[in-house]
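Colleague: pasting the sequence and the predicted coordinates here, then a few questions.
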Amino acid sequence: MKANPDSKTEITFNDFKSEVLSDYKLAVTSRECSLLGRREVLTGKAKFGIFGDGKEVPQIAWAKAFKNGDFRSGYYRDQTFMMAIGELTIEQFFAGLYANTDLEQEPMSAGRQMGGHFATHSLDENGNWKNLTEQKNSSADISPTAGQMPRLLGLAQASKIYRNVKGIDTTNFSNNGNEIAWGTIGNASTSEGLFFETINAAGVLQVPMVISIWDDEYGISVHAKHQTTKENISEILKGFQRTEKENGYEIFRVDGWNYPELIDIYQRASQISRKEHVPVMIHVQQLTQPQGHSTSGSHERYKDEDRLAWEREYDCNVQMRQWMIANNIATDEELSTIEKDLKKAVRDGKKAAWNAFINPIKAEKREIVSILEKVASVSSNGVFISKLTNELNAIDEPFRRDLLSAARKSLRYIVTEEFSAKNDLKNWIDNYIKEIQPKYSSHLLSSSDKKALNQSEINPTYNDDAELVDGRIILRDNFDALFSNYPEALIFGEDAGHIGDVNQGLEGLQEKFGELRIADTGIREATILGQGIGMSMRGLRPIAEIQYLDYVLYALQLMSDDLATLHYRTKGRQKAPLIVRTRGHRLEGIWHSGSQMGGILNLIRGIHVLVPRDMTKAAGFYNTLIESDEPALIVECLNGYRLKEKMPNNIGQFKTPIGVVETLREGADITLISYGSTLRLVEQAAKELQEVGIDAEIIDVQSLLPFDINHDIVKSISKTNRCVVIDEDVKGGASAYILDQILNVQNAFQYLDSVPKTLAAQPHRPAYGTDGDYFSKPSVEDIFETVYDVMHEMSPTDYPKLR
Ligand SMILES: Cc1ncc(C[n+]2csc(CCOP(=O)(O)OP(=O)(O)O)c2C)c(N)n1
Ligand SMILES: [Mg+2]
């Protein structure tokens with residue numbers, strides 16, 4: 001057997017033996033980590049454990065086929081693989097379990113994710129790309145099962161783009177598209193829609209993706225008979241098998257305890273996928289869970305004695321050991337000695353990880369205890385403070401919570417006293433929070449030079465005889481400039497390619513830039529988003545188009561769970577500067593006029609949410625975002641593509657700033673705050689209000705996340721002393737968010753002379769037709785009357801009751 005059929009040189013039996021031995025050592029080390037890991041949870045040192053025991057051997061075979069530049073998108077069972085590619089040590093494994101917040105010691109997430117969620121660093125400490133072709137890469141795991149699948153598609157597609165699109169600087173990202181994106185998923189999680197959607201899409205796209213299904217017949221306690229038709233995922237996916245005439249998948253099936261066969265299959269999979277860009281599925285069957293699913297329960301509750309006995313016998317490590325003995329690779333005694341040594345190595349690594357975790361906290365404890373002792377010695381409430389101090393002192397292995405809680409409670413006892421130790425205590429609390437809070441809260445957004453807030457505004461400029469054109473022309477010409485200037489940019493979505501999107505904002509661009517860059521996709525919003533996430537993680541600049549805002553909900557789970565958390569959950573070591581394009585608000589019927597901005601805003605903190613009122617503003621946002629390194633959602637106005645706008649003469653250059661509002665109309669009496677399609681109605685209402693002597697100021701928010709970073713709205717309210725927030729979402733949605741920002745972040749309360757109001761749509765989805773719209777969403781009359789009522793309340797004589 002040659003471990004690597006790519007190489008022509010035959011290896012000697014001794015080389016072979018030592019490679020197998022080192023593989024076995026890794027399998028044993030990983031298993032021992034799982035066993036001790038579980039114990040750490042049961043004794044309370046760690047909160048939760050989910051481990052890779054029972055899946056060691058296939059992961060070692062996989063790692064042999066995994067090359068520099070390749071990417072993994074997997075789930076919590078893959079610790080052995082991470083160890084095999086050299087990206088997870090014993091100490092790091094335990095650091096993850098303890099939630100060590102030091103990125104050096106816990107490189108997966110700096111303690112932000114529970115153990116078993118793996119990642120490598122694509123970015124340096126300044127947020128700049130490392131050379132991904134010189135390292136083995138793992139995209140950061142998420143817990144929602146099958147959530148890793150759509151991103152996997154994009155990671156694989158990047159290779160196809162790098163191989164086939166000319167003109168992109170591939171230095172840091174690709175070697176002629178030779179990289180494979182390797183996925184893993186549990187058997188039960190293949191029941192998820194995201195799995196099937198991804199499998200189909202990768203078959204259509206023909207991308208170098210190899211998906212391994214770790215099949216242990218269970219999903220927690222639920223057996224395959226409740227999960228999978230015929231209890232066999234590769235059986236039911238047989239139709240995906242490629243033929244001589246038709247594209248599809250190469251599908252393999254292998255027993256997870258069969259070491260030589262696993263190595264062979266992973267090598268074959270790698271060759272096919274890497275060279276031919278064909279997706280491959282490897283169904284790894286007959287795997288086990290020696291310790292059950294996780295530390296939350298025990299599998300004896302749901303597996304019968306026969307199954308448990310079978311699992312003991314077919315444990316992949318046990319089988320590998322027997323195979324080694326049968327093939328004279330090692331004797332039983334030799335292996336026992338190795339196992340004993342490795343157990344000790346894991347114990348030592350665990351201890352080192354625990355000390356590295358706890359010692360800094362113990363030092364912090366000593367600091368605060370000594371301050372509290374001083375405070376207790378001079379305070380008239382000394383007894384109470386001493387009690388808190390002693391309780392804290394008695395905790396050998398404290399949490400930071402214990403320290404801060406004791407310190408903050410003690411401060412309350414000396415609120416009326418003054419002495420120098422009180423200042424020490426106050427300072428300690430302030431400094432501690434300043435130092436510790438970022439360990440848990442930093443890096444939601446980019447902190448690199450390219451962050452969106454660093455991009456300054458460039459106004460559109462116009463010739464004197466600037467033509468009035470349909471808004472979509474401005475967008476189209478701007479996309480044309482953008483794709484010309486950025487060869488790494490590409491757009492894809494339903495109807496985005498051949499016809500140039502449903503509103504012709506991309507008209508003619510596929511002919512110019514090719515089918516790979518301006519691409520039609522199937523109807524599959526989640527994987528459209530996943531394509532975008534994966535490709536942007538590999539240095540491309542995708543724009544994922546979701547045809548209508550109403551269908552963003554299909555992709556919203558991933559925007560929330562994956563895209564929005566990526567930078568945060570890797571503490572800034574991975575990014576996906578994906579631009580999501582959609583169009584929405586006001587058109588017709590329940591599913592083409594939704595404006596579910598509140599739901600979106602609350603679910604995707606970490607992604608900018610931009611709501612341009614016209615296509616010039618929208619084009620400016622695209623120009624800003626392509627220069628920055630943060631993800632964003634742009635909602636174009638669905639009814640704005642045919643409205644006339646002046647054609648700028650600096651297409652592709654002008655930039656709409658992020659987080660900056662615009663005053664559309666100056667007024668003295670009341671501030672009207674709105675965004676997107678509704679603004680046209682607000683502007684009309686303002687004209688009508690002027691006729692009855694009400695002078696309204698109108699502010700276009702433009703950017704819901706981030707929100708008015710210069711606090712311009714409160715400046716307006718300090719002048720008008722009144723405000724109404726108007727949008728098309730339901731009440732309590734985005735308008736409530738905006739009002740919260742104005743009141744609680746910008747402190748507008750002090751300037752208000754009238755109750756601040758929100759005007760939103762009816763609580764039901766908008767009904768179809770002109771009257772459906774009128775009776776579902778705020779109308780000009782609704783806006784007029786809401787504002788008028790505020791003025792009436794202020795001065796009933798000047799503004800007598802309307803009705
Ligand atoms: C979307 C989602 N639903 C439910 C869960 C809870 N959950 C975690 S693991 C798991 C079972 C997964 O089984 P399988 O895919 O076979 O992987 P295994 O743990 O057996 O390796 C479930 C239901 C989850 N994490 N995400
Ligand atoms: Mg399973």
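Modeller: Sure, I can see it. Residues are numbered from 1 along each chain as shown. Ligands and ions are numbered 1, 2, ... in the order given.
Colleague: mean confidence score for the longest strand anywhere in the chain?
Modeller: As assigned by DSSP state E, the longest strand anywhere in the chain is strand 723-730. The average pLDDT within strand 723-730 is 96.
Colleague: and it, what does it pack onto?
Modeller: Judged by 3 or more C-beta pairs under 8 Å, 6 or more residues apart in numbering; DSSP states H and E, strand 723-730 is in contact with helix 597-603, strand 670-674, helix 678-691, helix 712-720, helix 734-740, strand 757-761, helix 780-794. Just so you know, the C-beta spots here come from the backbone N, C-alpha and C atoms, and that holds for glycine as well.
Colleague: which residues sit against the one helix or strand F492 maps to?
Modeller: Using DSSP states H and E, F492 maps to strand 489-493. Contacts to strand 489-493, defined as C-beta atoms under 8 Å, 6 or more residues apart in numbering, come from residues 161, 165, 479, 482-483, 501, 506, 516-521, 528, 531, 535, 540-547, 581, 626.
Colleague: which other helices and strands does the helix or strand where G183 lies contact?
Modeller: In the assignment (DSSP H and E), G183 maps to strand 181-186. When contacts are defined as 3+ C-beta pairs under 8 Å, 6+ apart, strand 181-186 sits against strand 71-73, helix 148-164, strand 209-214.
Colleague: quick check: angle from that strand to helix 148-164?
Modeller: Angle of strand 181-186 versus helix 148-164, following axes from the mean of the first three to the mean of the last three C-alpha atoms, to 10 degrees, is 170 degrees.
Colleague: for the residue of the stretch 101-250 of the chain found nearest ligand 1, give me its contacts.
Modeller: The minimum distance from the stretch 101-250 of the chain to ligand 1, using C-beta to the nearest ligand atom, falls at G186 (2.0 Å). When contacts are counted by C-beta under 8 Å, 6+ apart, G186 touches Y75, R77, T145, I213, W214, D215, D216, G219.
Colleague: ok so, going back, partner strands of the longest strand of the chain, with direction?
Modeller: Its sheet considered, strand 723-730 pairs with strand 670-674 (parallel), strand 757-761 (parallel) by DSSP bridges.
Colleague: re the thing from before, indicate which one of the helices and strands packed on strand 181-186 is closest to ligand 2.
Modeller: Comparing the helices and strands packed on strand 181-186 by their distance to ligand 2 (C-beta to the ion), the top pick is strand 209-214, with 6.6 Å.
Colleague: excluding its backbone neighbours, what's nearest R765?
Modeller: I590 (4.1 Å; C-beta to C-beta, 6 or more residues apart in numbering).
Colleague: got the strands paired with strand 723-730 as CSV, with mean neighbour count, mean pLDDT and distance to L643 columns?
Modeller: Compiled in CSV, these are given as follows (neighbours: other C-beta atoms under 10 Å; pLDDT from 0 to 100; distance: least, C-beta to C-beta, whole Å):
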stretch, mean neighbour count, mean pLDDT, distance to L643
strand 670-674, 28, 98, 17
strand 757-761, 21, 97, 21
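Colleague: quick one, which of these gets closest to D798.
Modeller: Set against D798 and scored by C-beta to C-beta, the strands paired with strand 723-730 come closest in strand 670-674, at 13.1 Å.
Colleague: and the angle for the closest one with helix 712-720?
Modeller: Per the same axes, to 10 degrees, the angle that strand 670-674 makes with helix 712-720 is 160 degrees.
Colleague: how far out from the middle of the chain is strand 670-674?
Modeller: 34 Å (C-alpha atoms, centre = their mean, to the nearest Å).
Colleague: repeat that for stretch 135-152.
Modeller: Mean-position distance between stretch 135-152 and its chain equals 10 Å (C-alpha atoms, centre = their mean).
Colleague: what sits against the residue of the stretch 701-803 of the chain found nearest ligand 2?
Modeller: Nearest residue of the stretch 701-803 of the chain to ligand 2, counting by C-beta to the ion: L705, 37.2 Å away. The neighbours of L705, taking C-beta under 8 Å, 6+ apart as the test, are L601, I604, R605, I607, H608, V609.
Colleague: got the residues you listed as a markdown table, with pLDDT and distance to P796 columns?
Modeller: Shown next, in a markdown table, are the contacts of L705 (pLDDT from 0 to 100; distance: C-beta to C-beta, whole Å):
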| residue | pLDDT | distance to P796 |
| --- | --- | --- |
| L601 | 97 | 37 |
| I604 | 98 | 44 |
| R605 | 98 | 43 |
| I607 | 98 | 46 |
| H608 | 98 | 43 |
| V609 | 98 | 39 |
